[in-house]
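Trainee: After the sequence you'll find the predicted model.
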Amino acid sequence: MKTLTESDREHRVRAVQDALECAAREGQPISPEAAADLAACARGEITAAEVRRRIIARLHADPRYRPATCS
């Protein structure tokens, strides 16, 4: 994974904060777990692919989630 400069990190953290605020204003709040994953990605601690993997894993673990099936 590429090492981020402090400027890159600050820019990414602010972008995540802005996106979370925008989603909340639009009535689409992000779970605390997903928000934490996005923040970790912005800080360069995990990759975007890892964020995606974690979010999908949580969806699959949620009993309300039912994959679409073709009939």
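Mentor: Now that the structure is in, tell me what you want to look at.

Trainee: Report the central residue of this structure.
Mentor: L38 (3.7 Å; Cα atoms, centre = their mean).

Trainee: For this protein, which segments count as strands?
Mentor: Secondary structure of the chain (DSSP state E): no strands present.

Trainee: okay, and for it, where does confidence drop off?
Mentor: 1-2, 67-71 (pLDDT under 70).

Trainee: Output the longest helix belonging to it.
Mentor: Determined from DSSP state H, the single longest helix within the chain is helix 6-25.

Trainee: Contacts for that helix, please.
Mentor: Residues from elsewhere that reach helix 6-25, judged by Cβ atoms under 8 Å, 6 or more residues apart in numbering: L4, P29, I30, A35, L38, A39, C41, A42, R43, G44. Backbone N, C-alpha and C define where each C-beta goes, glycine included.

Trainee: How many neighbouring residues does E33 have?
Mentor: 11 (other Cβ atoms under 10 Å).

Trainee: ok, and the closest non-adjacent residue to it?
Mentor: Counting by Cβ to Cβ, 6 or more residues apart in numbering, R58 is the residue found nearest to E33 once chain neighbours are left out, at 6.3 Å.

Trainee: How much space separates the one you found from D18?
Mentor: 23 Å (Cβ to Cβ, to the nearest Å).

Trainee: Look at the two and report which has more neighbours.
Mentor: R58 (14 against 10).

Trainee: do you know how far R12 is from R64?
Mentor: With Cβ to Cβ as the criterion, R12 and R64 are 31 Å apart.

Trainee: So which of the two has more stuff around it?
Mentor: R12 (17 against 5).

Trainee: Fine by me, thanks again.
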